[in-house]
Every structure is written in structure tokens, then in C-alpha cells.
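A.B. asks: Sequence and predicted model, in that order:
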Amino acid sequence: MDLTGARWRTSTRSSGNGGDCVEVADNLPGVVAVRDSKDRSGPALAFPPAAWRAFVTTPPTR
């Protein structure tokens, strides 16, 4: 998948201390990309927008 042109932002759920952060690019047509901010040249996961919305809006189970 070509992620050229992705505008990455740090997730609002990530801590602000520069530690374990997730970056999200949601500006690409038909896909939401997710990567580890500590390994920006590493792999990224890609989700259909509906799947990403379900993931971020589903409350965690306990």
C-alpha cells in the first residue's frame, strides 16, 4: 500500500510524554493508516474507515 501523502498525527489517546504513541493518517481515500511513532519507517496497518470507527468507538471490555 502506498502511503505517500499520508499526513500523520499522534493519536489523542497517546500519552504526551514521547513514549508509547500511535500515529494515525486519515487523509487517504478509503483507508486509515496506523503506525508506531517510535518506528516511523516501519510497518503500518491499514483499515477501512468503517472498521477504524468501530475500533475507536467500541468501549474496552473488562
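C.D. replies: Great, that's in hand.
A.B. asks: State the phi and psi torsions of residue 32.
C.D. replies: Dihedral pair for residue 32: phi -120, psi 120, per degrees, to the nearest 10.
A.B. asks: For it, give its distance to residue 22.
C.D. replies: The gap separating residue 32 from residue 22 is 12 Å, by C-beta to C-beta, to the nearest Å. Every residue, glycine included, has its C-beta placed from N, CA and C.
A.B. asks: neighbour count winner among these two?
C.D. replies: residue 32 (21 against 15; other C-beta atoms under 10 Å).
A.B. asks: For that one, give me its contacts.
C.D. replies: Contact analysis of residue 32 by C-beta atoms under 8 Å, 6 or more residues apart in numbering lists 24, 25, 26, 46, 47, 48, 49, 52.
A.B. asks: Please apply the same query to residue 26.
C.D. replies: Each residue near residue 26 by C-beta under 8 Å, 6+ apart is listed here: 32, 33, 49, 52.
A.B. asks: which two in those residues are spaced the farthest apart?
C.D. replies: For these, the maximum inter-member distance is 11.0 Å, found between 33 and 49 (C-beta to C-beta).
A.B. asks: Show me which of these two is the more surrounded one.
C.D. replies: Higher neighbour count among residue 33 and residue 49: residue 33, with 19 against 13, using other C-beta under 10 Å.
A.B. asks: ok, the more buried one touching residue 7?
C.D. replies: No: in terms of C-beta atoms under 8 Å, residue 33 does not count as a neighbour of residue 7; the distance is 10.1 Å.
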